[in-house]
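Enquirer: From the sequence below, what's the structure:
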Amino acid sequence: MSEITFNAVLREKAGKGAARQCRREGRIPAVIYGGKKDAVNISLHPVELEKALDLADFYKSVITIALDKKSEKVVCKDVQFDPVSDMPIHVDFMRK
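Expert: Sure, this is the predicted structure:
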(Lines give C-alpha, C1' and ligand atoms only; values in the text may rest on other atoms or scores of the structure.)
Protein backbone atom coordinates (compact mmCIF):
# COMPACT_ATOMS: atom_id res chain seq x y z
CA MET A 1 0.00 0.00 0.00
CA SER A 2 1.06 3.55 -0.67
CA GLU A 3 1.84 6.27 1.86
CA ILE A 4 -0.73 8.98 1.24
CA THR A 5 -0.67 12.24 3.18
CA PHE A 6 -2.93 15.24 2.74
CA ASN A 7 -2.30 18.69 4.20
CA ALA A 8 -5.81 19.82 5.05
CA VAL A 9 -7.32 23.13 6.11
CA LEU A 10 -10.16 23.29 8.63
CA ARG A 11 -13.49 24.63 7.32
CA GLU A 12 -15.53 26.57 9.85
CA LYS A 13 -18.94 26.15 8.21
CA ALA A 14 -20.80 23.13 6.89
CA GLY A 15 -23.48 22.78 4.24
CA LYS A 16 -24.02 23.35 0.57
CA GLY A 17 -23.16 27.05 0.55
CA ALA A 18 -19.93 26.54 2.47
CA ALA A 19 -18.91 23.69 0.15
CA ARG A 20 -19.54 25.87 -2.91
CA GLN A 21 -17.48 28.67 -1.39
CA CYS A 22 -14.67 26.19 -0.77
CA ARG A 23 -14.76 25.12 -4.42
CA ARG A 24 -14.71 28.76 -5.57
CA GLU A 25 -11.52 29.18 -3.55
CA GLY A 26 -10.00 26.31 -5.55
CA ARG A 27 -10.12 23.61 -2.88
CA ILE A 28 -12.04 20.35 -2.50
CA PRO A 29 -14.40 20.10 0.50
CA ALA A 30 -14.19 16.94 2.60
CA VAL A 31 -15.38 15.53 5.92
CA ILE A 32 -13.80 13.22 8.50
CA TYR A 33 -16.25 11.20 10.61
CA GLY A 34 -16.45 8.12 12.83
CA GLY A 35 -14.47 6.93 15.82
CA LYS A 36 -17.06 8.23 18.32
CA LYS A 37 -15.87 11.79 17.67
CA ASP A 38 -17.61 14.73 16.04
CA ALA A 39 -17.34 15.16 12.30
CA VAL A 40 -14.65 17.58 11.11
CA ASN A 41 -15.10 19.63 7.93
CA ILE A 42 -11.87 20.14 6.00
CA SER A 43 -10.70 21.17 2.56
CA LEU A 44 -8.00 19.55 0.42
CA HIS A 45 -5.68 20.86 -2.26
CA PRO A 46 -6.96 19.54 -5.62
CA VAL A 47 -3.53 18.59 -6.98
CA GLU A 48 -2.75 16.40 -3.94
CA LEU A 49 -6.12 14.69 -4.29
CA GLU A 50 -5.76 14.10 -8.05
CA LYS A 51 -2.35 12.48 -7.56
CA ALA A 52 -3.71 10.22 -4.83
CA LEU A 53 -6.77 9.23 -6.89
CA ASP A 54 -4.43 8.00 -9.65
CA LEU A 55 -3.04 5.34 -7.31
CA ALA A 56 -4.55 1.88 -7.79
CA ASP A 57 -4.95 1.19 -4.07
CA PHE A 58 -6.31 4.61 -3.00
CA TYR A 59 -9.56 3.23 -1.55
CA LYS A 60 -7.70 0.51 0.40
CA SER A 61 -4.92 2.72 1.78
CA VAL A 62 -4.66 4.20 5.23
CA ILE A 63 -4.39 7.94 4.63
CA THR A 64 -2.75 10.45 6.97
CA ILE A 65 -4.44 13.84 7.13
CA ALA A 66 -2.30 16.59 8.68
CA LEU A 67 -4.57 19.18 10.26
CA ASP A 68 -3.41 21.99 12.55
CA LYS A 69 -0.29 20.36 14.03
CA LYS A 70 -1.97 16.99 14.55
CA SER A 71 -2.73 14.12 12.22
CA GLU A 72 -5.46 11.55 11.83
CA LYS A 73 -5.40 8.13 10.20
CA VAL A 74 -8.40 7.66 7.92
CA VAL A 75 -9.68 5.58 5.02
CA CYS A 76 -11.57 6.99 2.06
CA LYS A 77 -15.22 5.95 2.00
CA ASP A 78 -16.51 7.97 -0.96
CA VAL A 79 -15.43 10.48 -3.58
CA GLN A 80 -18.13 12.41 -5.42
CA PHE A 81 -17.30 13.49 -8.97
CA ASP A 82 -18.78 16.19 -11.18
CA PRO A 83 -20.81 14.43 -13.90
CA VAL A 84 -19.57 16.75 -16.66
CA SER A 85 -15.93 17.50 -15.85
CA ASP A 86 -15.25 14.27 -13.89
CA MET A 87 -13.36 16.31 -11.29
CA PRO A 88 -13.76 15.42 -7.59
CA ILE A 89 -16.21 17.70 -5.77
CA HIS A 90 -16.37 16.12 -2.28
CA VAL A 91 -14.58 13.41 -0.29
CA ASP A 92 -15.74 11.40 2.74
CA PHE A 93 -13.12 9.97 5.11
CA MET A 94 -13.72 7.63 8.04
CA ARG A 95 -11.39 7.50 11.02
CA LYS A 96 -9.39 4.31 11.36
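
Enquirer: Next, please give the residue ranges for the strands of this structure.
Expert: Here the chain has its strands, by DSSP state E, at 4-7, 9-10, 28-33, 40-44, 63-67, 70-81, 88-95.

Enquirer: Poorly predicted segments of the chain, please.
Expert: 1 (pLDDT under 70).

Enquirer: count of neighbours near Val91?
Expert: 24 (other CB atoms under 10 Å). No exception for glycine: its C-beta is placed from N, CA and C like everyone else's.

Enquirer: let me fix that: Ile65
Expert: Neighbours around Ile65, by other CB under 10 Å: 21.

Enquirer: Ok, Gly17 next?
Expert: 9.

Enquirer: The one 10 residues further on now?
Expert: Residues within reach of Arg27, counting by other CB under 10 Å, total 18.

Enquirer: Now it. Nearest residue, chain neighbours left out?
Expert: Ser43 (4.0 Å; CB to CB, 6 or more residues apart in numbering).

Enquirer: who touches the one you found in this structure?
Expert: Ala8, Val9, Arg11, Cys22, Glu25, Arg27, Ile28, Pro29, Ala30 (CB atoms under 8 Å, 6 or more residues apart in numbering).

Enquirer: Any of those buried? List them.
Expert: Neighbour counting by 16 or more other CB atoms under 10 Å classes Ala8, Arg11, Cys22, Arg27, Ile28, Pro29, Ala30 among the contacts of Ser43 as buried.

Enquirer: Go ahead and confirm the second one touches Cys22.
Expert: Yes - with the criterion set as CB atoms under 8 Å, Arg11 and Cys22 qualify as a contacting pair; they are 6.2 Å apart.
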